[in-house]
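Provide a 3D model corresponding to the input given below.
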Amino acid sequence: MEVRFDPEFDAQRAEYSFRFTCDHCAHFDERDGACLHGFPNSVHRLEHYAGVPRPAVIVFCKDFDLA
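Below is the predicted model of the structure:
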């Protein structure tokens, strides 16, 4: 699923302490930065959304499970 990465999303993310990246997922291996399911995760990492220029959309993983 994709949603626009805009100021409204940033405000909601801050207000609700929303977590959506691999970095906060139970299926994430911090040692090597990989998904334990073997899924490619470059567009699901926190660093991807902190980069410049910012992506226009956020790509949510269907298997995200809050750690």
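
switch to C-alpha atoms for all contacts and neighbour counts from now on
Fine.

from residue 37, how far off is residue 50?
Taking C-alpha to C-alpha, to the nearest Å as the measure, residue 50 falls 24 Å from residue 37.

scratch that, residue 46
18 Å.

higher neighbour count, the two?
Set residue 46 next to residue 37 and count neighbours by other C-alpha atoms under 10 Å: residue 46 wins out with 15 against 10.

now do the same contact list for the nearest residue to that one once chain neighbours are set aside.
Nearest residue to residue 46, sequence neighbours excluded (C-alpha to C-alpha, 6 or more residues apart in numbering): residue 21, at 5.6 Å. Taking C-alpha atoms under 8 Å, 6 or more residues apart in numbering, we find residue 21 in contact with 44, 45, 46, 60, 64.

give me the number of residues near the first one?
Think residue 44. Using other C-alpha under 10 Å, the number of residues around residue 44 comes to 19.

swap in residue 4?
Neighbourhood size, residue 4 [other C-alpha under 10 Å]: 12.

what bridges to it?
For residue 4, the beta-bridge partners are residue 57 (DSSP bridges).

tell me the pLDDT of it.
On pLDDT, residue 4 comes in at 93.

phi, psi for the residue most central in space within the chain please.
Nearest residue to the geometric centre of the chain (C-alpha atoms, centre = their mean): residue 21, 2.3 Å. When read as degrees, to the nearest 10, the backbone of residue 21 gives phi -100, psi 170.
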